[in-house]
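Engineer: Here is a sequence together with a model predicted from it:
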Amino acid sequence: MILRVRIAGAFLLGGTLAACQPTPPPPLRVSLVGDVLLARDAAPALARDSAALSQRTRRGWSGSRYVVGNLECPLTTHRQPAAKPIVFRGEPRWASWLRRAGFTHLSLANNHSLDQHLPGLRDTDAATRAAGLGVLGFQPDSTAGCLPTLLGPDSSVAVLAYSAFREGRPGEGCVCGRDFAALCERLAAYKTLFPERAVLVYLHWGSEYAGRPGDEQREQARALIDHGAAAVVGAHPHVAQTVEYYRGRPILYSLGNFLFDQQGPATTLALQADFDLQGGQVVATYLRPLQLRQALPHPADARARAALAARLGRYSPEVELQPAAAGGWRLQPRQLVATDSLTGYFRRQVAVAGPAGVAQVRLRYLRHAGQHQAWLPTADGGRSVVDFSFPLYAFAAGDVDNDGYRDLLVGPVKATRFDSSRQRRLFVYSLDTLGRLQPRWRGSRLTFQLLYFRAERAADGRTYVRTIERAPNGRYCVGRYRWQGFGLALDSFLGQSLGLDAAYRRFFL
């Protein structure tokens, strides 16, 4: 049998054309490169050729407002090597050279940041900041977790850096990584609150020297796109890997090395990615072929360029390399595929529970009907279906009423019976004894105008709903709600009269 619950909603149709639109700003170019090592044989090579290399990098980055790389070693005088096979340490003075060469930001989210333990990581943060470099993927307060770094004079671009590796050392909590689901949640919330900002995700992940990413990496990259990333870029394998498009957005699994002393034929071939960003998305992607000679990057010669093109053709047959300036390529998908029309950034499947057991609730978008649908199998062999004839901005789960069963939390954008304004809402559904979805709460509003929510387990063992809300004065509040009787009631405000960026940070602290 199929049980359907239809929830009426209205779309706002139509609109007006403005007689005079302001001229949009030109695209903002952000360049990303791979692994940067300032230790071992790379350091003396850099000392011999630092001036010439600086000239080359500045020419290669002449059109870029920002340049991001992965710093593969701590910069510290502190000597406390970690107990691991390969340990790096670079001199703090090289941070100033990186800034003079044109770098603007460095990611510390990788498996070598703690090579000299937490004191070395803190020294690295201090040295890079003193040199005028922005730091990605590191938070001095370990409770802050992954936070985006804003780029652009109008903060139109944000970067999230993340490491997939666990070090198991004190201070690991200061490095963004380990919990991929938390990264997705933060990305989804950020893109929902700031749809006009393009978010780049820069990851340290994968298997060293592998030509292709693993299946889990592909799933994760696509999940990041689903959650709102404008592009996904990787490092760590030390070789250039697969390039692809998903939902019209680029995924570059590994750019290879940028400044490194490895001498293998594949490890000396690398890529620089140039993204032109405008209107919250990537409008053009360019690849610049590089080759490393004695650990230092150079523009690829004809032979290296051909080898990189062949490598990309072998591993990335669905993309096309169109000739571009300076011997590079503009990246294009061979077939333009229309992106889906999901209006929010959230998980497509969540686990809920009830007296009949655990069920996986899937979110589907029916393109022909222009609406969302949640469905799951029921205990009697049928399925329970809920049709949403309105946009959604969230789809999550949590034991909101603290009865021991995970409920479904849905964020619709609609008017309600008692509030005619079209706003973001929070609906709660639970599973009945037959495993069917039943509405528990469809509140018209909370204290103020709801923007986003998440279920969280508190230290007292209870589940609360944390919210970001817009107050009548235009400022923002972070609230915490508890289940009381048949719905949600305000427990406390965790922050009041905040700007939206500050509210986002307080929302996750």
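Structural biologist: Arrived safely, thanks for sending. On a predicted model such as this, the values are computed, not experimentally measured, just so you know.
Engineer: residues contacting the residue nearest the centre of the chain?
Structural biologist: The residue lying closest to the centre of the chain (Cα atoms, centre = their mean) is residue 201, at 4.2 Å. By Cβ atoms under 8 Å, 6 or more residues apart in numbering, residue 201 lies in contact with 159, 160, 161, 162, 183, 187, 224, 229, 231, 232, 233. Where C-beta positions appear, they are placed from N, C-alpha and C, glycine not excepted.
Engineer: Kindly provide the distance from it to residue 187.
Structural biologist: 7 Å (Cβ to Cβ, to the nearest Å).
Engineer: Now list whatever residues contact both of these two.
Structural biologist: 160, 224, 229.
Engineer: ok, the second one - contacts?
Structural biologist: Yep, that's residue 224 we're talking about. Residue 224 neighbours (Cβ under 8 Å, 6+ apart): 183, 184, 187, 201, 232.
Engineer: Likewise for residue 115?
Structural biologist: Residue 115 neighbours (Cβ under 8 Å, 6+ apart): 73, 74, 81, 82, 84, 87, 88, 89.
Engineer: Just the buried ones from the residues you listed, in ChimeraX syntax?
Structural biologist: Only the buried entries of those go into this ChimeraX selection, using 16 or more other Cβ atoms under 10 Å:
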select :73,74,82,87,88,89
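Engineer: I'd assumed residue 180 was in contact with residue 220.
Structural biologist: Yes: under the criterion of Cβ atoms under 8 Å, residue 220 lies in contact with residue 180, with a separation of 6.1 Å.
Engineer: Which residue ranges of the stretch 301-450 of the chain form helices?
Structural biologist: Counting by DSSP state H, counting those that start in this stretch, one finds helices in the stretch 301-450 of the chain at the ranges 302-315.
Engineer: can you give me the strands for it?
Structural biologist: Secondary structure of the stretch 301-450 of the chain (DSSP state E, counting those that start in this stretch): strands at 319-323, 329-333, 349-354, 357-366, 371-377, 383-388, 392-398, 407-416, 419-424, 426-431, 437-443, 449-457.
Engineer: now for those strands, which one comes closest to residue 293?
Structural biologist: Residue 293 lies closest, by Cβ to Cβ, to one member of the strands of the stretch 301-450 of the chain: strand 329-333, at 21.2 Å.
Engineer: Could you list the buried residues of the longest helix along the chain?
Structural biologist: Longest helix in the chain, counting residues (DSSP state H): helix 42-60. By neighbour count on 16+ other Cβ under 10 Å, the buried set for helix 42-60 is 42, 43, 45, 46, 53, 54, 56, 57, 60.
Engineer: now stretch 131-140
Structural biologist: 131, 133, 134, 135, 136, 137, 138, 139.
Engineer: coming back round to it: looking at the shared contacts of residue 201 and residue 187, which is nearest residue 149?
Structural biologist: residue 160 (7.9 Å).
Engineer: Looking at that closest one now. What's its pLDDT?
Structural biologist: On the pLDDT scale, residue 160 is placed at 97.
Engineer: Name the helix or strand for it, please.
Structural biologist: For residue 160, the element it lies in under DSSP states H and E is strand 157-163.
Engineer: tell me how far that strand is from the chain's mean position?
Structural biologist: 6 Å (Cα atoms, centre = their mean, to the nearest Å).
Engineer: Kindly report the same for stretch 442-459.
Structural biologist: That offset, for stretch 442-459, works out to 23 Å (Cα atoms, centre = their mean).
Engineer: now do stretch 104-115
Structural biologist: Taking mean C-alpha positions (Cα atoms, centre = their mean), stretch 104-115 and its chain are 17 Å apart.
Engineer: how about it as PDB, C-alpha atoms only?
Structural biologist: Extracted in PDB, the C-alpha atoms of stretch 104-115 (Å, rounded to 0.1, in the frame of the first residue of the first chain):
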ATOM      1  CA  THR A 104      47.800  34.900   0.000                       C
ATOM      2  CA  HIS A 105      46.500  31.900   1.900                       C
ATOM      3  CA  LEU A 106      47.800  28.500   3.100                       C
ATOM      4  CA  SER A 107      46.000  25.500   4.300                       C
ATOM      5  CA  LEU A 108      47.200  23.800   7.500                       C
ATOM      6  CA  ALA A 109      44.600  21.000   7.300                       C
ATOM      7  CA  ASN A 110      46.800  18.100   6.400                       C
ATOM      8  CA  ASN A 111      48.600  15.100   7.900                       C
ATOM      9  CA  HIS A 112      51.900  16.900   8.500                       C
ATOM     10  CA  SER A 113      50.800  20.000  10.400                       C
ATOM     11  CA  LEU A 114      51.400  18.200  13.700                       C
ATOM     12  CA  ASP A 115      54.800  16.800  12.700                       C
END
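Engineer: distance of the closest residue to residue 118 other than its chain neighbours from residue 162?
Structural biologist: Computed as Cβ to Cβ, 6 or more residues apart in numbering, the closest residue to residue 118 that is not its neighbour in sequence is residue 171, at 3.2 Å. Counting by Cβ to Cβ, the gap from residue 171 to residue 162 is 16 Å.
Engineer: quick one, which of these two is more surrounded?
Structural biologist: With neighbours defined as other Cβ atoms under 10 Å, residue 171 and residue 162 compare such that residue 162 has more, 28 against 17.
Engineer: That one touches residue 202, doesn't it?
Structural biologist: Yes: at 7.4 Å, residue 162 counts as touching residue 202 under the criterion of Cβ under 8 Å.
Engineer: quick one, the helix or strand that the longest helix of the chain is followed by and strand 157-163 angle?
Structural biologist: Where DSSP H and E defines the elements, the next helix or strand beyond helix 42-60 is strand 66-71. Angle, strand 66-71 to strand 157-163, by axes from the mean of the first three to the mean of the last three Cα atoms, to 10 degrees: 10 degrees.
Engineer: Give me the residues contacting strand 66-71.
Structural biologist: Contacts of strand 66-71 (Cβ under 8 Å, 6+ apart): 28-36, 38, 61, 98, 102-108, 110, 113, 124, 128, 136, 151, 157, 159, 202, 204, 235-236, 258.
Engineer: mind running it again at 6 Å?
Structural biologist: Strand 66-71 is contacted by residues 30-33, 35-36, 61, 102-107, 110, 151, 235, 258 when judged by Cβ atoms under 6 Å, 6 or more residues apart in numbering.
Engineer: give me the element residue 183 is part of.
Structural biologist: helix 180-193.
Engineer: elements contacting that helix?
Structural biologist: Contacts defined by 3 or more Cβ pairs under 6 Å, 6 or more residues apart in numbering; DSSP states H and E place helix 180-193 against no helix or strand at all.
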